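Novice: Turn this into a structure:
(chains A and B)
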Amino acid sequence: MTKEAVDTSVTTVRARAKLSVKDIAIEYAVLILLGAVLIVLAILSPSFFTFANIVNILNQNASLVIIAAAGTFVIVSGNFDLSTGAIYSVAGVVSAWLAVTLGSVWIALLAAPVVGLGLGAFNGIIVTRLKVHSFLATLASSMIFTTTAVLITGGSLITVTTPGFTILGRSRIGGIFIAVFVLVLVVAIFWVVLSRSVFGRHVYAVGGNRNAAELSGIRVNRVLVYVMTLSGLAAGVAAAIGVSRISSGQPLAGAGLELSAIAAVILGGTSIYGGVGAVWRSVSGVFLIALIGNGFDLMNLNPQLKDMVTGFIILAAVGLAAAGRTRR
Amino acid sequence: MKHTTRILAGIGVLALGSSLAACSADAGGDDSYSIVFLAASSQNGYNQAVYSGIKERAQKLSGELGIEIETKLQDGQFDANTQLSQLQNAGTTGQADGIIVVPHDGPSLGAAFPLGQDIPVATVLNPIGPDISEMEPQVEGVVSTVASPPAKGAKLQAESAVKYCEDIDPCKIGLLAGLLSSPLDIERVDAWKSVLGEHDNIQIVGTVEGGYDRDQSLKAVTNLLQGDKDINGIISSADQQTMGAQIALENAGIDPSSIFLTGSGGTTGAIEAVLAGTWTNDYINVPASMGEEALQQIINSLRDEEVQSVVDADELVGFGPIATKEDLEAHPEFTGEWNG
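Specialist: The predicted structure is shown next:
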């Protein structure tokens, strides 16, 4: 290491040590807003800070958190996956169809992640082989996937009455839904992989500067295929939870889920331009939006105002993140 | 000269096109009709059921009247503009002798009238025109409305809740609305509140949004129950929402059959739930029968026979329309016309 590099490194460390309160506020805007909403709700609603309600919030948002956590990889790599909602739908209806047809709960529930994995890999291949931007590629594939779900069900829904099918979505261990354990496990794995593994560093490198990543020997296309596959797999896992919870496969069950996941990732502070972001940020983004909905229902506030309040909070979080980028 | 030739050729092509279009429109003649069904969404169980009814009646009438009735489905993708364009196209291009619509947005579709050609239109589920409560045709071209006013069914639901609450004080009721940005749902919620509000023993503990979705309703009712677990009843504007509410109740350790629980739609799942005693009742809707009736009115109009300007959807059920376990046991042949 040259003297200059050492000096720069020391300066960076000192600069970090001298982060002002304002810098910290900008850096952790989503956590601060999340904390503020938590405090307000705890004061205003006696039902909010109860074990049952917290478990419910975690359970209700398990599918979205899993998709958003995987979506962090996609967005950090400088891409988008607009097909996660459609993958969720296909995986859900395939799972429901298998449960009704074969009567096997485990085959049915495992089929959802397998379908997700396959469709995610398909996305990865069309993005890298056809060299189509992921935004357009996944927009197109989402149409194909949604139509597939509609064709499987004939536009209707598949009601599952197979005993035990609701185990993943409704059963509990120690009062906590199994889906919450799955959520914690998946998020922990994604967190470690993105922040601690070589693959995670490659994802940041590809999103930060694709050409530089290629020149430094990173197999960019392989990274992108893995990232899109991971996103599909996550949508499949989320679908298994969702279809088990409502015991029916619906062809449009995932409609809008992809945008909610992308919104949560960006709300958390992950850069839409790639190269910057973290799984914990996306998880915080999901729960920030979820808490607003929960609070409105608990306090019996006018639901018509929910979107307006959510919009203001998203603007506040995104505005703070943008201010942070400008300062840097 | 060259210029004149081009103009003449252009006029020739236009004339040929017009004659072909005229031939195509006339191709229906008296013994064949082409009916276009504009679904709010083709990827939806309700709309599919309406279409199955249209096809069934078309087949029946073809045999009875010795005519050919061709039906075509177009997908409105739950988008008002898409459906408006489809209606305008079907009404001007000569591809249809009659049109049946399940409007995604009835007031918006009013802008398509009068259509380019004199084609009869029947609307199913919702009226077309500015007033969502007025079932009589509001625009020139609509010959029949096969529906019931949204407030009527909602009032019947609320009245059945009032009856359930007779000996309970306070009787805590939760309202599970569809989309509170939709005028139809606002009207339903207003109707619930106006009926329930007349009874001092009834307390509305919350109004939450189910979005016609099982999962969203599950979340909303779960949250509602966090605030008030000793709830006595839930009124919902759709069966798929009530299914979500049922799961939320079960998750909260509340036996759904121990409270007042109602839905709307007459789905196969709802019929099973009422028969099992899990739900108190259901507001029955019969989309396939409504589709059949809409086609009948269009064919009547095309054959200059008597047309019913309003076909009350509730009358098509044959019982109810709020159906209890006893009603359904008395009509075992009815198992629901759709699943959604």
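Novice: Backbone dihedrals for the residue nearest to B:Ser133 when sequence neighbours are not counted, both of them.
Specialist: Take B:Ser133 and drop its neighbours on the chain: the residue closest to it by CB to CB, 6 or more residues apart in numbering or on different chains is B:Pro149, 5.0 Å away. Quick note: C-beta positions are derived from backbone N, CA and C, even for glycine. Torsion angles at B:Pro149 (phi, psi; degrees, to the nearest 10) stand at phi -60, psi 140.
Novice: burial measure for B:Pro149, as a count.
Specialist: B:Pro149: 21 surrounding residues under other CB atoms under 10 Å in any protein chain shown.
Novice: Was I right to think it contacts B:Asp131?
Specialist: No - counting by CB atoms under 8 Å, B:Pro149 stays clear of B:Asp131, with 9.9 Å between them.
Novice: Mind checking the pLDDT average for the helix or strand A:Ile144 falls within?
Specialist: Taking DSSP states H and E as the criterion, A:Ile144 maps to helix A:134-153. For helix A:134-153, the mean per-residue pLDDT is 94.
Novice: From chain A, how far off is the residue nearest to B:Ser133?
Specialist: 23 Å (CB to the nearest CB, to the nearest Å).
Novice: distance of that residue from B:Glu187?
Specialist: According to CB to CB, to the nearest Å, B:Pro149 stands 8 Å off from B:Glu187.
Novice: try B:Val205
Specialist: Applying CB to CB to B:Val205 and B:Glu187 gives a distance of 21 Å.
Novice: so which strand or helix has the residue of the stretch 201-328 of chain A found nearest chain B?
Specialist: Among all residues of the stretch 201-328 of chain A, A:Asp297 sits closest to chain B, at 3.3 Å; criterion: CB to the nearest CB. Secondary structure from DSSP H and E places A:Asp297 in helix A:279-298.
Novice: Now do that helix: which elements does it pack against?
Specialist: Helices and strands touching helix A:279-298, by 3 or more CB pairs under 8 Å, 6 or more residues apart in numbering or on different chains; DSSP states H and E, are helix A:29-44, helix A:51-60, helix A:62-76, helix A:178-196, helix A:257-267, helix A:306-327, helix B:214-227.
Novice: how about these in a markdown table, adding mean neighbour count, distance to B:Ile298 and mean pLDDT?
Specialist: Compiled in a markdown table, these are given as follows (neighbours: other CB atoms under 10 Å in any protein chain shown; distance: least, CB to CB, whole Å; pLDDT from 0 to 100):
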| stretch | mean neighbour count | distance to B:Ile298 | mean pLDDT |
| --- | --- | --- | --- |
| helix A:29-44 | 17 | 54 | 90 |
| helix A:51-60 | 19 | 45 | 89 |
| helix A:62-76 | 30 | 43 | 97 |
| helix A:178-196 | 17 | 49 | 97 |
| helix A:257-267 | 24 | 39 | 93 |
| helix A:306-327 | 15 | 40 | 77 |
| helix B:214-227 | 25 | 34 | 92 |
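Novice: that older thread, neighbour count for B:Val205 and B:Glu187, which is higher?
Specialist: B:Val205 (19 against 16).
Novice: Let's verify that one: helix, strand, or coil?
Specialist: B:Val205 falls in the strand class when you classify it by DSSP: H, G, I helix; E, B strand; the rest coil.
Novice: contacting residues for it?
Specialist: Applying CB atoms under 8 Å, 6 or more residues apart in numbering or on different chains to B:Val205 gives the contacts A:Asn300, B:Lys172, B:Ile173, B:Gly174, B:Leu224, B:Gly227, B:Asp228, B:Ile231.
Novice: The third one falls within a helix, correct?
Specialist: Going back to what we said before, that points to B:Ile173. No - assessed with three-state DSSP, B:Ile173 is strand; it does not lie in a helix.
Novice: re the thing from before, okay, and the common contacts of B:Pro149 and B:Glu187?
Specialist: Common neighbours of B:Pro149 and B:Glu187, counting by CB under 8 Å, 6+ apart, are B:Ser133.
Novice: quick revisit: and the helix holding A:Ile144, which residues are buried?
Specialist: Neighbour counts over helix A:134-153 (16 or more other CB atoms under 10 Å in any protein chain shown) mark A:134, A:137-139, A:141-142, A:145-146, A:148-150, A:152-153 as buried.
Novice: Just list what whichever helix or strand comes after it packs against, helices and strands only.
Specialist: Sequence order places strand A:158-159 as the next helix or strand after helix A:134-153, per DSSP H and E. Applying 3+ CB pairs under 8 Å, 6+ apart, one finds that strand A:158-159 makes contact with helix A:84-102, strand A:248-249.
Novice: if I pick the residue of chain B found nearest chain A, what's in contact with it?
Specialist: When scored by CB to the nearest CB, chain B has B:Asn223 as its residue closest to chain A, at 3.3 Å. B:Asn223 makes contacts with A:Asn53, A:Asn56, A:Gly293, A:Asn294, A:Asp297, A:Leu298, B:Val208, as judged by CB under 8 Å, 6+ apart.
Novice: How about the third one: what's its closest non-neighbour residue?
Specialist: Residue nearest to A:Gly293 in three dimensions, not counting chain neighbours: A:Lys306, with 6.3 Å by CB to CB, 6+ apart.
Novice: what about B:Ile186, distance to B:Ala147?
Specialist: Counting by CB to CB - B:Ile186 and B:Ala147 are separated by 17 Å.
Novice: Now do the helices in the stretch 51-200 of chain B.
Specialist: For the stretch 51-200 of chain B, applying DSSP state H, counting those that start in this stretch gives helices covering B:80-92, B:106-109, B:150-164, B:183-196.
Novice: ok, residues contacting the last one?
Specialist: Translated: helix B:183-196. Residues from elsewhere that reach helix B:183-196 (CB under 8 Å, 6+ apart): B:107, B:126, B:132-133, B:150-151, B:153-155, B:157-159, B:161-162, B:173, B:175, B:177-180, B:202, B:204, B:207, B:235, B:237.
Novice: Repeat that for the shortest one.
Specialist: The contact list for helix B:106-109 (CB under 8 Å, 6+ apart) reads B:80-81, B:83-84, B:87, B:101, B:103, B:123, B:126-130, B:132, B:183.
Novice: hmm, which of those residues are the buried ones?
Specialist: The neighbour-count criterion (16+ other CB under 10 Å) marks B:Ala80, B:Gln83, B:Leu84, B:Leu87, B:Val101, B:Pro103, B:Thr123, B:Asn126, B:Pro127, B:Ile128, B:Gly129, B:Ile132 among the contacts of helix B:106-109 as buried.
Novice: now, which of those residues sits nearest B:Gly263?
Specialist: Of all these, B:Asn126 has the smallest distance to B:Gly263: 18.8 Å, by CB to CB.
Novice: What is the three-state secondary structure of B:Val208?
Specialist: Assigned with three-state DSSP, B:Val208 falls in the strand class.
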